[in-house]
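S.K.: show me how the following folds:
(one chain, ligands or ions: 1)
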Amino acid sequence: MNYDFLTKLALDGAQQGASHGQWLETTHGETVRVHTPIDGTEIGAVHLASRADYEQVVSAAQAAFTKWRMVPAPQRGELIRRLGEEFRANKKELGALISLEMGKIRAEGEGEVQECIDIFDFAVGLSRQLYGLTMHSERPDHRMYEQWHPMGVIGIITAFNFPMAVWAWNAAIAAVCGDTMIWKPSLKTPLCAIAIQKIVDRVFGPEGHDGVMCTIVGTDSEVGETMIHDKRLPLISATGSCRMGRHVGTAVAGRLGRCLLELGGNNAIVVDDTADEEIAVRGILFGAVGTAGQRCTSTRRVLASRPLARRLADRLAAAYQSVAIGDPLEDGTLMGPLIDQLAVDGYLAAVQQARDQGGEVLCGGKALTDRAGFYVEPTIVWSETRLPISREETFAPILYITPWDTLEQAIADQNDADQGLSSAIFTRDLLSAEQFLGHAGSDCGIANVNIGTSGAEIGGAFGGEKDTGGGREAGSDSWKAYMRRQTCTINHGQDLPLAQGIQFG
Ligand code: UN1
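M.R.: Numbers count the residues shown, from 1 in each chain. From the prediction side, this is the model:
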């Protein structure tokens, strides 16, 4: 396989792991070795950044902030527009790099780059729309309004499974809001981050805006911990496991900082007996098998109305047999590898527990040991009642299917999860759809009808409730998380009336 795109985008001799517009000579002394999950071979090494390197990057980002916040928002948007142009021009190569380093298939890798482009476009428009409200003052000759100011240096922590898009959601919005930022990518996918930083530097450097977007490749203990405890970062936006989020949230709350958490999901699809089964099968297949089940929005459970439940499960099992598993860069592959051996072990342990708990494995259940890399079979587990293992978010293509008798029971079961990220119903019954979307319906941040749980568009706010962390990223009014709000009251009269009618002296 020709990996020229890798050299073109990310690797250029001994790759340093920290940049504030210039790559630092990092002082940590150790490297992180990057392996492709496609066959486990080493594809690069990156010099880790130390706490001292982090200090340099924060200082540069702080200095950049004093300048960047004074640039009119539409001009900030112009640089994001140019960033989008670069991503358009390099879409194929960036997508392939995602596939190589993370393992998702080419179509999904390019889809992720498209998601970056989409949020850049959104942010460009947003740069002319950071609206504040005006209010009617209760006092004569007074005007009240609120305005939004840039907040400072934002900390962005991302996971391996979306090594570019989740950065883009945060970075594009934070940048047009006037913030500067430091990105700590997953140590499983640092090359994607380096490729992005190199593009950023090409766009921002010549305009004198080095340090607006910075990257630091470091360990959790050294860099991650420092970031979350650092009072100079007013907002930490973190994506990853619920365990990680609980730790980050606690640390940031301890210093009264702001957190934007986008954590795990245990997403279910409800199917009733009016549903178009063909569409349901396709939606479930993409949700459960797409990205090898490694999206936070992946479909983990199907709750199907009893008359069709077993038939649907058998149809899905048949569809699963035709899923081509293999090299994600090859045409025709529908499912690539898991990220690493730890993920394969987690998959095998979950399948074993499902069996031990009485689940019937309808298809899959094994790791593919005939080849190098971290490949597993997509798996369907049938059970009449809920298995305890279905409460866990196993980051792998395992789908649990159970039947239900009433829609109320199905909705209660769909909500009976620690997390509350994404949910869906397949139905052609208007009343069922509305019941699912109503106040007593899905408790998730995302609720879809006749669409699977994954593959959200960037225009909506993305995130979820309960153990998913409550944060909202990407579209809608998520930008408000990246700015500080100020309420202003202006007295343009000749007197000083007090609010609440108070007479003082
Ligand atoms: C994630 O898995 O962390 O909705 C993000 C989706 C994608 C984003 C997933 N647009 O599946």
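S.K.: SS state for the residue of the stretch 51-200 of the chain at minimum distance from the ligand?
M.R.: At 4.7 Å from the ligand, residue 162 is the closest residue in the stretch 51-200 of the chain, using C-beta to the nearest ligand atom. Placement of C-beta: from N, CA and C, glycine included. Secondary structure, DSSP: H, G, I helix; E, B strand; the rest coil: residue 162 is coil.
S.K.: which residues touch residue 239?
M.R.: 157-159, 162, 166, 261-263, 296 (C-beta atoms under 8 Å, 6 or more residues apart in numbering).
S.K.: what residues does the protein put near the ligand?
M.R.: Applying C-beta under 6 Å from any ligand atom, one finds that the chain approaches the ligand through 115, 161-162, 166, 239, 295-297, 454-456.
S.K.: now the two most distant members of those residues.
M.R.: Distance extremes for these: the farthest pair is 239 and 455 at 16.7 Å, using C-beta to C-beta.
S.K.: looks like the residue of the stretch 51-200 of the chain closest to the ligand contacts residue 111 (just checking).
M.R.: No - judged on C-beta atoms under 8 Å, residue 162 makes no contact with residue 111 at a distance of 10.4 Å.
S.K.: more neighbours: which of these two?
M.R.: More neighbours surround residue 162 than the other of residue 162 and residue 111, with 27 against 17 (other C-beta atoms under 10 Å).
S.K.: neighbours of the closest residue to that one other than its chain neighbours, how many?
M.R.: Counting by C-beta to C-beta, 6 or more residues apart in numbering, residue 112 is the residue found nearest to residue 162 once chain neighbours are left out, at 6.2 Å. By other C-beta under 10 Å, the residues close to residue 112 number 24.
S.K.: tell me the SS of residue 112?
M.R.: The three-state label given to residue 112 by three-state DSSP is helix.
S.K.: now do the contacts for it.
M.R.: Shown in contact with residue 112 (C-beta under 8 Å, 6+ apart): 95, 98, 104, 162-165.
S.K.: repeat for residue 462
M.R.: 169, 262, 445-446, 456, 472-475, 478.
S.K.: over to residue 450?
M.R.: 275-276, 279, 283, 424-427.
S.K.: let's see it at 6 Å
M.R.: Residue 450 sits next to residue 426 when contact means C-beta atoms under 6 Å, 6 or more residues apart in numbering.
S.K.: likewise the one 10 residues further on?
M.R.: Residue 460 is in contact with 475-476, counting by C-beta under 6 Å, 6+ apart.
S.K.: quick check on residue 355: phi, psi?
M.R.: Phi and psi for residue 355, reported as degrees, to the nearest 10, are phi -60, psi -50.
S.K.: residue 396 now?
M.R.: phi -170, psi 170.
S.K.: how many neighbours does the closest residue to residue 142 other than its chain neighbours have?
M.R.: Setting aside the residues directly before and after it, residue 142 is nearest to residue 491 in space (C-beta to C-beta, 6+ apart), at 5.4 Å. Counted with other C-beta under 10 Å, residues neighbouring residue 491 total 14.
S.K.: look up how far residue 497 lies from residue 491.
M.R.: From residue 491 over to residue 497 the distance is 8 Å, taken as C-beta to C-beta, to the nearest Å.
S.K.: again with residue 266
M.R.: Here residue 266 is placed at a distance of 55 Å from residue 497 (C-beta to C-beta).
S.K.: before we move on, what about residue 86?
M.R.: Taking C-beta to C-beta, one finds residue 86 at 55 Å from residue 497.
S.K.: right, and residue 453 touches residue 299 too?
M.R.: Yes - using C-beta atoms under 6 Å, residue 453 is in contact with residue 299, at 4.8 Å.
S.K.: quick check: neighbours shared by the two?
M.R.: Joint contacts of residue 453 and residue 299 (C-beta under 6 Å, 6+ apart) are 267, 287.
S.K.: list phi and psi for residue 257.
M.R.: Torsion angles, degrees, to the nearest 10, at residue 257: phi -90, psi 180.
S.K.: residue contacts, residue 355?
M.R.: Contacts for residue 355 (C-beta under 6 Å, 6+ apart) come out as none.
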